[in-house]
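> quick one: sequence plus predicted model below, questions after.
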Amino acid sequence: MSEEANETTQLLHNSRSETAAEPRWLKCRYVFCLMSFLGFVNVYAMRVNLSVAIVAMVNNTAIATNVTYNNDTCPDLEPRPRSNTTQPSGDGPFDWNAEEQGLILGAFFYGYIVTQVPGGRMAEIWGGKWLYGTGVLVTSLFTLITPLAAYSGVGVFTAVRILEGLGEGVTFPAMHAMLSKWAPPNERSRLSSWVYSGASLGSVISMPASGYLCDTYGWESVFYFFGVLGLIWFVAWAWIVTDSPQSHPTISRAEKEYISKCIGSGHSQEAPPVPWRHILTSVPMWALVFTHIAQNWGFYTLLTELPTYMKNILHFDIKDNAAISALPYLLSTILSFIASPVADYFIDHRIMKRSVTRKLFNSLGFCLPAVFLVLAGYSGCDVDSTIVFLALAGGTNSLHYSGLMSTHLDMSPNFAGTLLGITNGFANVMGFLAPAFTGYIINENEDLGHWRFVFFVASIVYFSGNMIYIGFGSTKEQPWNNFHLLNQPADGSADDDDANGQHHRNRRLSDNIDASRNTARRVPPVRATLMYIQTRGYDPLSGMSELEDYFLYY
């Protein structure tokens with residue numbers, strides 16, 4: 001504990017010294033953060049626009065005869081803000097039913113999950129700048145040809161969405177690999193939250209803008225507009241950003257040294273080989289996987305299906321629908337910028353342990369949305385209450401950026417991109433399962449009862465995922481993060497005290513692991529099982545201690 005306290009004190013001292021050396025707004029890491037933020041604005045604007053545009057693309061009049069309505073469906077309440085269009089909004093050229101729409105909305109993720117792990121590893125080896133930029137570029141190009149693909153048929157449209165997902169799949173893992181080089185440990189919560197909050201702002205911008213473009217210029221204009229914006233961003237990214245502080249041409253020496261000293265030996269300059277066996281048998285790692293799966297089920301239930309719910313159940317036209325559907329993401333963006341500095345403050349000033357802070361913010365980011373989704377399902381046709389609850393569900397979910405999404409960096413700076421690739425790969429299977437599940441439940445059953453069931457399932461998944469994170473998640477740097485140092489001799493080149501100390505700590509850890517395995521053969525089965533679990537990166541007794549600390553703060 002004293003070692004952790006000394007480390008925190010030193011980080012605070014370095015932070016204050018470095019802050020005094022130059023104006024905060026000139027920091028290159030904040031320029032990197034801004035450009036990454038804008039990249040995710042573009043990424044999510046291009047991902048979300050189909051959720052709005054598909055409402056205008058589908059000929060609802062043609063497929064209405066196949067849909068069953070009952071008394072549990074909200075009437076078209078008046079007065080209601082309406083657009084001044086003379087044509088009924090939502091009657092497009094395509095007669096896709098709910099299952100076909102679910103297939104199209106989910107097709108993106110078939111490609112998206114494939115490039116997660118390769119994207120993370122490539123970014124660790126070759127750097128994330130061009131990988132992240134190319135991912136956004138590919139997404140932009142396929143967004144531009146989306147109208148042509150849609151007119152070519154469901155099969156072609158689905159294929160284009162899959163290819164678009166392949167390009168975008170590298171973005172999150174590549175960014176995590178870059179954050180492991182750019183974000184000092186005492187700034188991880190806020191820098192990662194600020195970067196990834198671009199996803200929320202992209203939704204905020206895309207939804208109302210897509211509604212306006214659909215209503216004014218036709219649904220095709222949505223894809224042309226955002227595709228061109230993505231191309232413009234790529235040019236700026238290629239010119240401004242570098243892979244790491246060490247390769248930046250204009251970064252100050254004070255900032256470069258500050259980042260390097262704060263990160264220390266936790267991150268190697270050369271990409272070490274991935275300890276796959278240790279990662280895939282790590283209990284905290286699998287806890288992250290299941291927590292991320294729960295997060296994405298709830299997130300994609302809202303992201304892809306909320307515009308459909310607003311139109312078919314609450315009867316909003318496309319412009320009003322898009323503007324209101326953006327409210328959860330507007331609130332999410334605001335809370336991301338407020339909550340993440342609070343999380344870092346708790347950790348920096350030792351108000352809470354890092355593990356307690358992560359689990360507290362993750363619990364708020366999971367449990368609050370779960371509660372609000374249930375309330376939205378039972379608010380019936382009270383339109384104002386439903387909108388408030390859905391907005392709060394999406395907004396409070398952003399608190400998980402200071403929990404789940406920062407944990408990969410805490411566990412393993414060397415392999416943060418690979419870890420996120422693994423968890424995000426599994427989690428984004430929910431990108432097509434959640435819309436497909438919703439389409440199956442509500443197909444030919446557009447009523448409050450079936451939508452209430454959809455929201456209730458998402459709430460259960462949120463609660464379950466958070467309990468796994470509380471019980472088995474860990475924010476400690478995992479021993480396998482620096483296993484590659486075990487093969488390096490601690491001789492003349494070891495003038496770096498931090499690296500040499502880490503070498504000896506890992507050597508002792510390796511010896512302890514071997515001793516535990518040998519001893520396990522001579523002890524009772526239960527004790528042997530607990531000792532084996534400890535070698536996999538999770539200490540049950542430590543976990544219980546973290547649980548006690550966690551609940552003391554409630």
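Looks like it arrived, so ask away. Numbering: from 1, shown residues only.

> in the stretch 401-550 of the chain, which spans are helices?
Secondary structure of the stretch 401-550 of the chain (DSSP state H, counting those that start in this stretch): helices located at 404-411, 416-427, 430-442, 448-472, 497-520, 525-535, 540-552.

> ranking those by mean pLDDT, which is last?
Considering the helices of the stretch 401-550 of the chain one by one, the lowest average pLDDT is found for helix 540-552, at a mean of 45.

> once you drop chain neighbours, what's closest to Gly431?
Counting by C-beta to C-beta, 6 or more residues apart in numbering, Gly431 lies nearest to Phe109, which is 3.1 Å off, once chain neighbours are set aside. For the C-beta atoms, the positions are set from N, CA and C on the backbone; glycine is no exception.

> mind listing what the one you found touches?
165, 428-432 (C-beta atoms under 8 Å, 6 or more residues apart in numbering).

> ditto for Gly439
With contact taken as C-beta under 8 Å, 6+ apart, Gly439 is in contact with 98-99, 101-103.

> pull the most distant pair out of these.
Put simply, by C-beta to C-beta the two of the contacts of Gly439 set farthest apart are Ala98 and Leu103, 9.9 Å from each other.

> so where's the stretch 201-350 of the chain shaky on pLDDT?
Per-residue confidence of the stretch 201-350 of the chain (counting by pLDDT under 70) places the weak regions at 264-270, 304, 317-319, 321-322.

> for stretch 156-164, which positions count as buried?
For stretch 156-164, the neighbour count (16 or more other C-beta atoms under 10 Å) marks 157-164 as buried.

> so between Ala98 and Leu103, which is more surrounded?
Relative neighbour count places Ala98 above the other of Ala98 and Leu103, with 23 against 20, counting by other C-beta atoms under 10 Å.

> between the helix or strand in which the residue nearest to Gly431 is found and helix 416-427, what angle do the directions make?
Under the criterion DSSP states H and E, the helix or strand holding Phe109 is helix 98-112. Following axes from the mean of the first three to the mean of the last three C-alpha atoms, to 10 degrees, one obtains 160 degrees for the angle between helix 98-112 and helix 416-427.

> now helix 98-112: mean pLDDT?
With pLDDT averaged residue by residue, helix 98-112 scores 82.

> returning to what we had before: nearest to Ile470 among the contacts of Gly439?
For Ile470, the closest of the contacts of Gly439 turns out to be Gly102, at 32.2 Å, with distances computed as C-beta to C-beta.

> next one: the nearest residue to that closest one once chain neighbours are set aside from Gln101, what distance?
When the adjacent residues along the chain are set aside, Gly102 lies closest to Gly439, with 2.9 Å between them (C-beta to C-beta, 6+ apart). Summarising the geometry, the distance separating Gly439 from Gln101, computed by C-beta to C-beta, to the nearest Å, is 7 Å.

> now the common contact residues for those two.
Once C-beta under 8 Å, 6+ apart is applied, it turns out that Gly439 and Gln101 contact no residue in common.

> name the nearest residue to Ser193, sequence neighbours excluded.
Nearest non-adjacent residue to Ser193, counting by C-beta to C-beta, 6+ apart: Ser340, 3.4 Å away.

> which element is the one you found on?
Assigned by DSSP H and E, Ser340 falls within helix 327-348.

> for that helix, which helices and strands make contact with it?
Of the remaining helices and strands, those touching helix 327-348 by 3 or more C-beta pairs under 8 Å, 6 or more residues apart in numbering; DSSP states H and E are helix 2-21, helix 188-217, helix 354-377, helix 383-396.
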